[in-house]
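Enquirer: Sharing a model prediction with you, sequence too.
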2 protein chains.
Amino acid sequence: MSEAPPELAALRARMAELNDLGQIHSLMFWDQNTMMPPRGAAARADHSSTLELISHGRLTDPEVGRLLDTLAPWAAGEDPDSEAVRLLAVVRRDHEKAVRVPAALAAEMSHADALGQQAWQEARAASDFSHFRDALARHVELRHRYVECFEPAAHPYDILLDDFEPGLTTEELRPLFETLRDELVDLVAAAATNDAQARNHGAFSGPFEADDQRRAVMVVLEAVGFDPDGWRLDPAPHPFAQSLGPQDVRITTRYDLHDFGVAHFSALHEFGHGLYEAGIAPELARSPLGAPVSLGVHESQSRLWENLIGRSRPFCGWVLPILREQLGPALGTIDAEGLYRAVNSVQRSPIRVDADETTYNLHIILRFELELALIEGTLAVDDLPAAWNEGMHRLLGVEVPDDALGVLQDVHWGAGLFGYFPTYTLGNLIAAQLWTRLQADLPEIEAQIGRGELAPLRDWLGEHIHRHGRKFPPRELLHRVTGDTLRPEPFLAYLRAKLADVAP
Amino acid sequence: MSEAPPELAALRARMAELNDLGQIHSLMFWDQNTMMPPRGAAARADHSSTLELISHGRLTDPEVGRLLDTLAPWAAGEDPDSEAVRLLAVVRRDHEKAVRVPAALAAEMSHADALGQQAWQEARAASDFSHFRDALARHVELRHRYVECFEPAAHPYDILLDDFEPGLTTEELRPLFETLRDELVDLVAAAATNDAQARNHGAFSGPFEADDQRRAVMVVLEAVGFDPDGWRLDPAPHPFAQSLGPQDVRITTRYDLHDFGVAHFSALHEFGHGLYEAGIAPELARSPLGAPVSLGVHESQSRLWENLIGRSRPFCGWVLPILREQLGPALGTIDAEGLYRAVNSVQRSPIRVDADETTYNLHIILRFELELALIEGTLAVDDLPAAWNEGMHRLLGVEVPDDALGVLQDVHWGAGLFGYFPTYTLGNLIAAQLWTRLQADLPEIEAQIGRGELAPLRDWLGEHIHRHGRKFPPRELLHRVTGDTLRPEPFLAYLRAKLADVAP
């Protein structure tokens, strides 16, 4: 390994600054969704757009291209798996994608995203899509202008997907989702109930005061690895996780008076996200490698904690006495086996974030189909609510009661995020693939979970996934860990086994 | 008035961006002091330093100087009181001050300020100055380097003062504070008690739960003008106010189980600050004129609400039934006249933020003397705690129990703020001068306050002070409103009258 040219340090310094701006943006997002007074949105949109313009300017600075070009011959002689070579690959990708987007368009998108979130919040509060219609049309228009900045892809949606799941294409995703859809529609038909009251078999129907729920969630989180000196938990209408630094991890959850499961599982979910960000190797801090590699891999971590761990028999057995102590008699007389069955019940429901493991992916597949149609132009913005309601009926047999519980339920489209939803289902697939390997490496894992010993699990995830950050692209990371490519079978096998296990 | 050259719009656009960066910095400060997990400090220091570097680069961009020079001949032919001419004056001041400070020093200061705040928090928690000593020494060293960037002033402290109170000099301030000090020491000797238990004559000694206090504070704040859709109230160890936009005003307060007065008066105080920022004319938003003109004027607004209004007889009469309804029997059987006397009692106490109107300024004068000595080099950092304790004895007859209740009580020195403290006492002086004029303009004001009719008062402040932002420098603003120059007599007269009124 030859000594690195001075340009490498210059590039690192520039990228450290970009990392800081990105984390400042994360703070602004977190604040906007947890703390900001509603009337603050207009000024925040200006702030966001200014910061985006500056970040974009720094990333697209021709000097970055010059540094990359100067470093290329040196990198060609280095170990292709070295941190420096991987860093250059990531910076080249980010730089080349960014230079294609004019600064003015980037600023317009950022501004529209902030205003769109606000419009979405107001529309959702009024349960009226018409308040959101213009913002959404603007988002779609801006995405078309964005796609046009790039070399034509096999499908325009590929350009959007690549921002969230580098390298993934519509051509790969469509058949994979079709297979999943057909299998899942059958599984749901066999296992699901329409009785909304029967959610989790009523195990968590309370009522539970938000303060009590928060206390219970915190006890569980601290037992699984939430560090109060470096993490926060706050309520948010649409739970999310953000890290503003390696030791400033912010997760959110939502409290439903009549369903403690919402807070419990969304907190475990966001904890999984937070643990990923907190577990990136400290030597990658302020480097472009010091970030999660893709949303699919990110989501695999949250799904793993929410579902493969959180809805497992040993976890239910371990957590029940804790919940009983925190929540008291409102929890009823359920036993661990009953809890396990309850939290694995399959129900047709209108809301994605409250959905069980089986129906969840049909919610995603609907969004994927609709996004694709909006981008292809085969679906008009004004027809979206009707298409939504039709899809919910077709895929899940659900009649949507209103826009708030339908097309307006998620923040993503409000924030201009297209190509993002599929990564949730990718996360489920990847989580199942990782879990297979993890079980082989840690044969005692079920017993350990049953005793609340989660350090071996955290360590395995840290060692195999978290610490690498963006060093290996998603496909390569998955292959390094599992020896496998992305495929739906492990997830479907897991699901079939689970449903057979809990069947009455 | 001739048509403005295109350079004016170019300058405005650059300044709007700077305004955004400043408000983002305010968000980071607010978050660090209310929300951030303790371990987030290191990353936050990086963020802060990066943002500071970018802001500094934008403000010192030679293009700003070129635009100012190009616009100067045009401005010379315009109305000197026009918004554009005043804008150019303010930008020239900011630009010329900033170009003198190398970007690297500005970044070093910003970084040290963030780390210093963290060191201060830890030292205060441990009540041990030694944990803060190095950070403070670093601050003093950095201030010396900062002062050296400018043309030598009559006193090096002038350079620091000017950042907070444009145009004010040590030569003016020293005799003014000496006069005040001598008068106040006499007033305190005549009126004060040493009995810490007798604070507010025990009217607010509770105990009151923080949740109850918060509820009571919110009812009072909403009645005086706090808009829940555009404001926030949060707890903070050292209360402050920040606006992140014209309709995103964040104030903080502190809850003391055994003294509701802490929360009540600090909330009124920060409300006064918030109202100033919220009241700046909307057409000045994102302009350098769209900010408070000086800390002294800012503090005049907070002091006015905390003291001249909040501790007045009619306000006590109006607020007591509200507090009784919110706080219940823990408030005791005090009547309005008793409350008025109680909240105007004079007590020797170690803590500035809890001090009454009379002793308060002696706390400030001590800090002014110590800052001056640290900057002059006549006081070593290691000797600061002893000098603090000696000064508290000399000026207030107070024996300081420990560092947390002594030299470590304020965040300012932790954040590298030198030249800031005097503005608190300036605020008291200016508030008394404004109040004299306000009473002449609004002869019914006392009766209106007694009925909780605060709109005329808010309107007067908005019209005479708030809406102007930075359009008129502090001296000019004071003269425009009161026809007077800065002087201590109105404040001393107000204080003597109050103390005579409440004397037993």
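Expert: Nice, I can see it.
Enquirer: So which bits of the stretch 1-150 of chain A are right by chain B?
Expert: A:16-17, A:20-21, A:23-24, A:27-28, A:31, A:35-40, A:42-44, A:46-47, A:49-51, A:53-54 (Cβ under 8 Å from any Cβ of the partner chain). For glycine as for every other residue, the C-beta is placed from the backbone atoms N, C-alpha and C.
Enquirer: Helix, strand, or coil at the residue of the stretch 201-350 of chain A found nearest chain B?
Expert: Distance from chain B to each residue of the stretch 201-350 of chain A (Cβ to the nearest Cβ) is smallest for A:Gly245, at 2.5 Å. Secondary structure assignment for A:Gly245 (DSSP: H, G, I helix; E, B strand; the rest coil): coil.
Enquirer: Grab the nearest non-local neighbour of it.
Expert: Spatial nearest neighbour of A:Gly245, chain neighbours left out: B:Ala43 (2.5 Å); criterion: Cβ to Cβ, 6 or more residues apart in numbering or on different chains.
Enquirer: what about that neighbour, neighbour count?
Expert: Under the neighbour criterion other Cβ atoms under 10 Å in any protein chain shown, B:Ala43 is assigned a count of 22.
Enquirer: Per-residue pLDDT of it, please?
Expert: We have a pLDDT of 94 for B:Ala43.
Enquirer: Check the one 4 residues further on too.
Expert: pLDDT recorded at B:His47 is 95.
Enquirer: any idea how far it lies from chain A?
Expert: Per Cβ to the nearest Cβ, to the nearest Å, B:His47 is found 5 Å from chain A.
Enquirer: That residue against A:Asp20, yeah?
Expert: Yes - between B:His47 and A:Asp20 there is a contact under Cβ atoms under 8 Å: 4.7 Å.
Enquirer: ok, which stretches of the stretch 301-450 of chain A are helices?
Expert: A:313-327, A:336-342, A:357-376, A:384-391, A:422-441, A:445-450 (DSSP state H, counting those that start in this stretch).
Enquirer: wait, which of those is closest to chain B?
Expert: Per Cβ to the nearest Cβ, nearest to chain B of these: helix A:313-327, 19.8 Å.
Enquirer: ok, back up a step: might you report the residue contacts of the residue nearest to A:Gly245?
Expert: A:Gln23, A:Leu244, A:Gly245, A:Pro246, A:Gln247, A:Asp248, A:Ala285 (Cβ atoms under 8 Å, 6 or more residues apart in numbering or on different chains).
Enquirer: Narrow those to those that are buried.
Expert: Buried by 16 or more other Cβ atoms under 10 Å in any protein chain shown: A:Gln23, A:Leu244, A:Gly245, A:Pro246, A:Gln247, A:Asp248, A:Ala285, out of the contacts of B:Ala43.
Enquirer: how about CSV for the residues you listed, with pLDDT and distance to A:Asp256 added?
Expert: Listed next are the buried ones among the contacts of B:Ala43 as CSV, based on pLDDT from 0 to 100; distance: Cβ to Cβ, whole Å:
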residue, pLDDT, distance to A:Asp256
A:Gln23, 97, 31
A:Leu244, 96, 27
A:Gly245, 92, 31
A:Pro246, 89, 32
A:Gln247, 95, 30
A:Asp248, 97, 28
A:Ala285, 93, 36
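Enquirer: quick one: buried residues of the worst-scoring helix or strand of chain A on mean pLDDT?
Expert: Lowest by mean pLDDT, DSSP states H and E among the helices and strands of chain A is helix A:103-126, with a mean of 89. Buried residues in helix A:103-126, counted by 16+ other Cβ under 10 Å: A:105-124.
Enquirer: coming back round to it: more neighbours: which of B:His47 and A:Asp20?
Expert: A direct count of neighbours by other Cβ under 10 Å for B:His47 and A:Asp20 places B:His47 higher, at 28 against 23.
Enquirer: Name the single longest helix found in chain A.
Expert: helix A:6-34 (DSSP state H).
Enquirer: Could you check how far whichever helix or strand comes after it is from the centre of its chain?
Expert: Following helix A:6-34 in sequence order, the next helix or strand is helix A:41-60 (DSSP states H and E). Its chain's average C-alpha position is 23 Å from that of helix A:41-60, according to Cα atoms, centre = their mean, to the nearest Å.
Enquirer: what packs against the following helix or strand past helix A:41-60?
Expert: As assigned by DSSP H and E, the chain's next helix or strand after helix A:41-60 is helix A:62-76. Packing contacts for helix A:62-76, counted by 3 or more Cβ pairs under 8 Å, 6 or more residues apart in numbering or on different chains; DSSP states H and E, involve helix A:6-34, helix A:83-99.
Enquirer: related to what we said a few turns ago, just give me the closest of the contacts of B:Ala43 to A:Ile465.
Expert: Nearest to A:Ile465 among those, counting by Cβ to Cβ, is A:Pro246 at 15.8 Å.
Enquirer: What's the separation between the closest one and A:Leu18?
Expert: According to Cβ to Cβ, to the nearest Å, A:Pro246 and A:Leu18 sit 16 Å apart.
Enquirer: same question, A:Asp354
Expert: For A:Asp354, the distance to A:Leu18 - Cβ to Cβ - is 37 Å.
Enquirer: Need the pLDDT of A:Leu438.
Expert: 97.
Enquirer: ok so A:Arg232 is a helix residue?
Expert: No - with three-state DSSP as the criterion, A:Arg232 is located in strand rather than a helix.
Enquirer: can I assume it is in contact with A:Ile251?
Expert: Yes - counting by Cβ under 8 Å, A:Arg232 touches A:Ile251, with 7.2 Å between them.
Enquirer: So if I had to pick from those two, which one is more boxed in?
Expert: A:Ile251 (30 against 20).
Enquirer: Grab the nearest non-local neighbour of the more buried one.
Expert: Using Cβ to Cβ, 6+ apart, the closest residue to A:Ile251 is A:Glu270 (3.7 Å).
Enquirer: Burial check on that neighbour, number of neighbours?
Expert: By other Cβ under 10 Å, neighbour count at A:Glu270 equals 26.
Enquirer: now do A:Gly377
Expert: So A:Gly377, with other Cβ under 10 Å, has 10 neighbours.
Enquirer: ditto for A:Gln433
Expert: Around A:Gln433 there are 24 residues (other Cβ under 10 Å).
Enquirer: Quick one: residues contacting the most centrally placed residue in chain A.
Expert: Residue closest to the average C-alpha location in chain A (Cα atoms, centre = their mean): A:Glu299, at 4.5 Å. For A:Glu299, the contacting residues are A:His273, A:Thr423, A:Tyr424, A:Leu426, A:Gly427, A:Asn428, A:Ile430, A:Ala431, by Cβ under 8 Å, 6+ apart.
Enquirer: need the contact list for the nearest residue to it once chain neighbours are set aside.
Expert: Using Cβ to Cβ, 6+ apart and skipping the chain neighbours, the partner closest in space to A:Glu299 is A:Gly427 (2.4 Å). Each residue near A:Gly427 by Cβ under 8 Å, 6+ apart is listed here: A:Leu295, A:Gly296, A:Val297, A:His298, A:Glu299, A:Ser300, A:Gln301, A:Ser302, A:Arg303.
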